[in-house]
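**Student:** Provided below are the primary sequence and the corresponding predicted coordinates.
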Amino acid sequence: MRILLCGGAGYIGAHAYVVLAERGQDVVIADNFSNSSPGVLARLQRITGEPVPFHPLDLRDRGAVVDFFARQPFDAVVHFAALKSVGESCERPLDYFHNNITGTLNLLYGMQAAGVKRLVFSSSATVYGDPASVPVREDASLQVTNPYGRTKLVMEELIGDLCGSDAGFHAANLRYFNPVGAHASGLIGEDPAGIPNNLMPYICQVAVGRRERLSIYGGDYPTPDGTGVRDYIHVMDLARAHADALDYLVHERHNLTVNLGTGQGVSVLQLVNAFADASARDIPYQIVERRPGDVAAVYADPSLANRLLGWQAELGVEAMCRDAWRWQAQNPQGYPAA
Ligand code: NAD
Ligand code: UFG
């Protein structure tokens, strides 16, 4: 198959590129580098041993998107391209609506005009908001708690409406929990711009000496050690699920919405301790006020993905920390300027 990875230069897209290329797929990346570095392309070439087909494309430009699809045949699209910071989305909601929702609409216009009828979409556990119970199943009620989450919910809904209007169009909504870790080579990994919002990249930057100490947001949650509990999933396990979802769309010809997590809740302190072990570094931390909008515990029931895709997470917290640390230690400042 010839597969377009929109936003494929980003953290998760780059790892999915490796898995799909290893499975012999013909993979093309399109990105506007708004939250990624061109340096990732050379690294992907080193890992796969092949030149990486890349096209600059901004999904906000509908004319460019439609033109792109008119010139390039694709069998499927994996849509990673989005802005993803919860805090930033509260400060700049319109930019998030424009980039994520209008960008997705433009992508769907381009696909429809070109007759491309398979889509794998990067959704998020954020669509569950503060779930009534854990582990969370896909039929749990959906809630919006911030503008970023609203964009994910709206994107799932408009993709669903398109599927409803065209029995030949099939989509997979993959609801990621908390992706962490890196490719075992240490050549690609998470490289956030500025101060990391998320826990694992912050820990990595403390370990490598770029930040003094971690602030743990809240030590009084109703969890076993008082810190927040999440479902961290190794990015290579996550990447594999994209290849499995594409197979599902081709062979089963059904739409799909599945959680992608391990099913195991891990606290902030547990992750910090696991990282300290894996890296043999101290991770200084202080416990501070809760972060507004955070919830106590969210983890997946991943059994539907197992049943429908035959997929399950294989890598545990130790591998997540080891691989994240290898990437950070080999690339203390992230990707080199291309
Ligand atoms: P990322 O920011 O590393 O990758 C997204 C890529 O999309 C970047 O390379 C960026 O330059 C590109 N992009 C953004 N807007 C674009 C546009 N208008 N046109 C073209 N390219 C554009 O993020 P990621 O962590 O790899 O996440 C990928 C997807 O998964 C996102 O949709 C995100 O919302 C979703 N997701 C991520 C997480 C997480 O914690 N990383 C969790 C749940 C869901
Ligand atoms: N945390 C800290 N200190 C930090 C950063 C995070 O203590 O510096 C804590 C948080 O309070 C939370 C846990 O670490 O308990 C995980 O926080 P992250 O920011 O890494 O992840 P979240 O679960 O808050 O959110 C992430 C993405 C969202 C996405 C969600 C579910 O940022 O976009 O996972 O996929 F919706």
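**Tutor:** That came in fine, so what should we check first? The shown structure was predicted, so the numbers you read here are calculated from the model rather than taken from an experiment. Ligands and ions are numbered 1, 2, ... in the order given.

**Student:** find the closest residue to ligand 1 in the stretch 1-150 of the chain.
**Tutor:** For the stretch 1-150 of the chain, the residue closest to ligand 1 is residue 10, as judged by C-beta to the nearest ligand atom, at 1.9 Å. (Glycine included, C-beta is placed from N, CA and C.)

**Student:** where's the closest residue to that residue other than its chain neighbours relative to residue 269, distance?
**Tutor:** Counting by C-beta to C-beta, 6 or more residues apart in numbering, residue 10 lies nearest to residue 36, which is 4.8 Å off, once chain neighbours are set aside. Distance check for residue 36 against residue 269: by C-beta to C-beta, to the nearest Å, it reads 31 Å.

**Student:** count the neighbours of the residue nearest to residue 253 when sequence neighbours are not counted for me.
**Tutor:** Excluding its sequence neighbours, the residue lying closest to residue 253 (C-beta to C-beta, 6+ apart) is residue 170, at 5.9 Å. Residue 170 has 20 neighbours, counted by other C-beta atoms under 10 Å.

**Student:** hang on, the earlier thing: who has more neighbours out of residue 36 and residue 269?
**Tutor:** residue 36 (23 against 18).

**Student:** any residue of the strand or helix carrying residue 157 touching ligand 1?
**Tutor:** For residue 157, the element it lies in under DSSP states H and E is helix 147-165. No - against ligand 1, helix 147-165 shows no contacts by C-beta under 6 Å from any ligand atom, the least distance being 6.7 Å.

**Student:** ditto for stretch 124-140
**Tutor:** Yes - residues of stretch 124-140 contacting ligand 1 under C-beta under 6 Å from any ligand atom: residue 124.

**Student:** how about the residues of the stretch 51-200 of the chain by ligand 1?
**Tutor:** Checking the stretch 51-200 of the chain against ligand 1 by C-beta under 6 Å from any ligand atom, the hits are 57-60, 80-82, 84, 99, 103, 122, 124, 176, 178-179, 198.

**Student:** can you do 8 Å?
**Tutor:** By C-beta under 8 Å from any ligand atom, the residues of the stretch 51-200 of the chain that approach ligand 1 are 57-60, 79-84, 99-100, 103, 122-126, 148, 152, 175-179, 190-192, 198.

**Student:** quick one, what contacts residue 93?
**Tutor:** residue 147 (C-beta atoms under 8 Å, 6 or more residues apart in numbering).

**Student:** actually residue 89, not the one I typed
**Tutor:** Residue 89 neighbours (C-beta under 8 Å, 6+ apart): 83, 96, 146, 147, 148, 151.

**Student:** so which strand or helix has the second one?
**Tutor:** With the criterion set as DSSP H and E, the secondary-structure element containing residue 96 is helix 93-96.

**Student:** roughly how far is that helix from the heart of the chain?
**Tutor:** Relative to its parent chain, helix 93-96 has a centroid offset of 19 Å by C-alpha atoms, centre = their mean, to the nearest Å.

**Student:** same deal with stretch 107-122?
**Tutor:** Remark: stretch 107-122 is offset 19 Å from the chain centroid, using C-alpha atoms, centre = their mean.

**Student:** OK, contacts around residue 18?
**Tutor:** Contacts of residue 18 by C-beta under 8 Å, 6+ apart are 44, 47, 48, 183, 188, 239.

**Student:** hmm, try it at 6 Å
**Tutor:** Contact partners of residue 18, counting by C-beta atoms under 6 Å, 6 or more residues apart in numbering, are residue 47.

**Student:** cool, and residue 259?
**Tutor:** 138, 175, 300, 302.

**Student:** cool, and residue 319?
**Tutor:** Contacts of residue 319 (C-beta under 6 Å, 6+ apart): residue 234.

**Student:** I'd like the next helix or strand past the helix or strand containing residue 308.
**Tutor:** According to DSSP H and E, residue 308 maps onto helix 303-309. Next helix or strand after helix 303-309 toward the C-terminus (DSSP H and E): helix 317-330.

**Student:** rounded mean pLDDT for the helix holding residue 157, please.
**Tutor:** The pLDDT scores in helix 147-165 average 97.

**Student:** about what we covered before: the residue nearest to residue 10 contacts residue 9, doesn't it?
**Tutor:** Yes - between residue 36 and residue 9 there is a contact under C-beta atoms under 6 Å: 4.0 Å.

**Student:** the residue nearest to residue 253 and residue 127, how far apart?
**Tutor:** Here residue 170 is placed at a distance of 20 Å from residue 127 (C-beta to C-beta).

**Student:** list the contacts of the residue of the chain most remote from its centre.
**Tutor:** Distance from the centre of the chain peaks at residue 220, with 28.5 Å (C-alpha atoms, centre = their mean). Going by C-beta under 6 Å, 6+ apart, residue 220 touches residue 226.

**Student:** which parts of the stretch 51-200 of the chain are strands?
**Tutor:** In the stretch 51-200 of the chain, the strands defined using DSSP state E, counting those that start in this stretch lie at 54-56, 76-79, 118-124, 170-176, 178-180.

**Student:** CA atoms only for the helix or strand of the chain with the lowest mean pLDDT - export them in PDB, please.
**Tutor:** Sorting the helices and strands of the chain by mean pLDDT, DSSP states H and E puts helix 86-91 at the bottom, at a mean of 94. What follows is helix 86-91, C-alpha atoms only, in PDB (Å, rounded to 0.1, in the frame of the first residue of the first chain):
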ATOM      1  CA  VAL A  86      -3.800  21.300  26.500                       C
ATOM      2  CA  GLY A  87      -2.600  24.500  28.200                       C
ATOM      3  CA  GLU A  88      -1.800  26.300  25.000                       C
ATOM      4  CA  SER A  89      -5.200  25.300  23.700                       C
ATOM      5  CA  CYS A  90      -6.800  27.200  26.600                       C
ATOM      6  CA  GLU A  91      -4.800  30.300  25.700                       C
END
